[in-house]
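Novice: from the sequence below, what's the structure:
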Amino acid sequence: MTELTVTPFKIIICLVIAFATTFIVRFMVGKKRDLWFARSRSNFLLTMRGALGDYLALGYPKTWTGALILLLLLAILSLEIYLVLRFI
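Specialist: Numbering: from 1, shown residues only. The predicted model follows:
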């Protein structure tokens, strides 16, 4: 049985890695984001995003390609979190 220990240091590492992975995927998707994803705009004060949040937010998938990208991103993030919790 594997021991997955969670410490504040590991949580910070997971957040940094997840942020970097999301940034890389968003950079790779580039201008095709509008073809594959639909962005929702919220004008409510508590849910508004800043410039960086608007750039990183992919939106929700509106095509099969968008759904595949989303599933791959979730799989990569899950694997990264598992590896950090298991080996660091």
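Novice: how about the CA coordinates for the lowest-mean-pLDDT helix or strand in the chain, as PDB?
Specialist: The weakest-scoring helix or strand in the chain, judged by mean pLDDT, DSSP states H and E, is helix 51-56 (a mean of 80). Extracted in PDB, the C-alpha atoms of helix 51-56 (Å, rounded to 0.1, in the frame of the first residue of the first chain):
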ATOM      1  CA  ALA A  51      -6.000  39.900 -16.700                       C
ATOM      2  CA  LEU A  52      -4.000  36.800 -15.800                       C
ATOM      3  CA  GLY A  53      -7.100  34.900 -14.800                       C
ATOM      4  CA  ASP A  54      -8.800  35.800 -18.200                       C
ATOM      5  CA  TYR A  55      -5.700  34.600 -20.000                       C
ATOM      6  CA  LEU A  56      -5.400  31.300 -18.200                       C
END
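Novice: quick check: residue 3 is in a helix.
Specialist: No - going by DSSP: H, G, I helix; E, B strand; the rest coil, the assignment for residue 3 is coil, not a helix.
Novice: now the residue most central in space within the chain: closest residue in space, sequence neighbours ignored.
Specialist: Note on the chain: the residue nearest the mean C-alpha position is residue 22, at 4.2 Å, using CA atoms, centre = their mean. Counting by CB to CB, 6 or more residues apart in numbering, residue 56 is the residue found nearest to residue 22 once chain neighbours are left out, at 5.7 Å. The way it works is simple: take the backbone N, C-alpha and C, and place the C-beta from them, glycine included.
Novice: pLDDT averaged over the helix or strand hosting the residue nearest to the centre of the chain - what is it?
Specialist: Using DSSP states H and E, residue 22 falls within helix 8-29. For helix 8-29, mean pLDDT is 95.
Novice: what residues of that helix count as buried?
Specialist: Across helix 8-29, burial judged by 16 or more other CB atoms under 10 Å covers 10, 13-14, 17-18, 22, 25, 29.
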